[in-house]
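Student: Build me a structure from this.
(2 chains)
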Amino acid sequence: KAGVTQTPRYLIKTRGQQVTLSCSPISGHRSVSWYQQTPGQGLQFLFEYFSETQRNKGNFPGRFSGRQFSNSRSEMNVSTLELGDSALYLCASSVGHSGRYEQYFGPGTRLTVT
Amino acid sequence: DAKTTQPNSMESNEEEPVHLPCNHSTISGTDYIHWYRQLPSQGPEYVIHGLTSNVNNRMASLAIAEDRKSSTLILHRATLRDAAVYYCIPPIQGAQKLVFGQGTRLTINP
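Tutor: Below you'll find the model as predicted:
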């Protein structure tokens, strides 16, 4: 069974731009969660989607948004990029909500904002 | 959010058992306690999760205190590939999400 895939793997953007990251979950998984990982803050929860509905949201500004499609693939968007948005963005999928079922993580997208 | 306390780092030798402790005395949810690990330059990897009693799988064992205020991840025979940051994640009442702390950096000596 193919694992979680994320595209692109690396991205360099300029402050003020926007970016869209993509995540394809494991086949059959309906829940997709997004996390931001930085050396200073560690792994922080962004949001979780289940069957195209956002179930949970972390403490991030409205510049961070996401969506999930009917095939469970998910995208997250960051608008008006700031230098502090430079991070590894991780996507994870599971059969049900993340508090109850094991999550499988993708390799991440490394975003650098200059 | 619930406060989780784990040692910043631990060290062990190859082929020896490792006990990774976690204190989550402010646990508020009744849902599962999860453990994940993150190997260098990789995304986190699920290790094990449990509710109230001890759990075993091919990777590890999880011992959960009767009051659920602490848990211990047990690697029965550590290998070099087990060197990683281990995260203990207790549930949060009303919040169905995983909140990662700083974790324990485990070093395995050959």
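
Student: Flag every residue of chain A that's near chain B.
Tutor: Those residues of chain A that sit near chain B, judged by Cβ under 8 Å from any Cβ of the partner chain, are A:4, A:33, A:35, A:42-45, A:48, A:55-56, A:58, A:90, A:92, A:97-100, A:102-108. (Each C-beta comes from the backbone N, C-alpha and C, glycine too.)

Student: The closest residue to chain B within chain A: how many residues sit nearby?
Tutor: Taking Cβ to the nearest Cβ, chain B has its nearest neighbour within chain A at A:Phe105, 3.4 Å off. Residues lying near A:Phe105 (other Cβ atoms under 10 Å in any protein chain shown) number 22.

Student: PyMOL command for the buried members of the residues of chain A next to chain B?
Tutor: Here is the PyMOL command that selects only those of the residues of chain A next to chain B that count as buried (16 or more other Cβ atoms under 10 Å in any protein chain shown):
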select buried, chain A and resi 4+33+35+43+44+45+48+55+56+58+90+92+97+98+99+100+102+103+104+105+106+107+108
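
Student: Quick check: bridge partners of the residue most central in space within chain A?
Tutor: Of all residues in chain A, the one closest to the mean position by Cα atoms, centre = their mean is A:Trp34, 3.1 Å from it. When bridges are called by DSSP bridges, A:Trp34 pairs up with A:Phe47, A:Cys91.

Student: So it versus B:Tyr36, what's the distance?
Tutor: For A:Trp34, the distance to B:Tyr36 under the criterion Cβ to Cβ, to the nearest Å works out to 15 Å.

Student: for chain B, which spans come out with low pLDDT?
Tutor: For chain B, residues meeting the criterion pLDDT under 70 lie at B:1-2, B:29, B:94-95.

Student: Recalculate using a threshold of 80.
Tutor: Counting by pLDDT under 80, chain B contains low-confidence residues at B:1-3, B:27-30, B:92-97.

Student: near chain A, which residues of it show up?
Tutor: Along chain B, the residues adjacent to chain A under the rule Cβ under 8 Å from any Cβ are B:29, B:31-32, B:34, B:36, B:42-46, B:49, B:87, B:91, B:95-103.

Student: Show me which of those are buried.
Tutor: If you count burial by 16+ other Cβ under 10 Å, the buried members of the residues of chain B next to chain A come out as B:29, B:31-32, B:34, B:36, B:43-44, B:46, B:49, B:87, B:91, B:95-101, B:103.

Student: Assign the residue in chain B that chain A sits nearest to to helix, strand or coil.
Tutor: Closest approach of chain B to chain A (Cβ to the nearest Cβ) occurs at B:Gly43, with a separation of 3.4 Å. Taking DSSP: H, G, I helix; E, B strand; the rest coil as the rule, one finds B:Gly43 in the coil state.

Student: Same check on the one 4 residues further on?
Tutor: State at B:Val47, reduced to three classes by three-state DSSP: strand.

Student: Hmm, A:Ser93 and the residue nearest to the centre of chain A touching each other?
Tutor: No - in this structure A:Trp34 lies outside contact range of A:Ser93 using Cβ atoms under 8 Å: 10.6 Å.

Student: Give the intersection of the neighbour lists for these two.
Tutor: Counting by Cβ atoms under 8 Å, 6 or more residues apart in numbering or on different chains, the common neighbours of A:Trp34 and A:Ser93 are A:Cys23.
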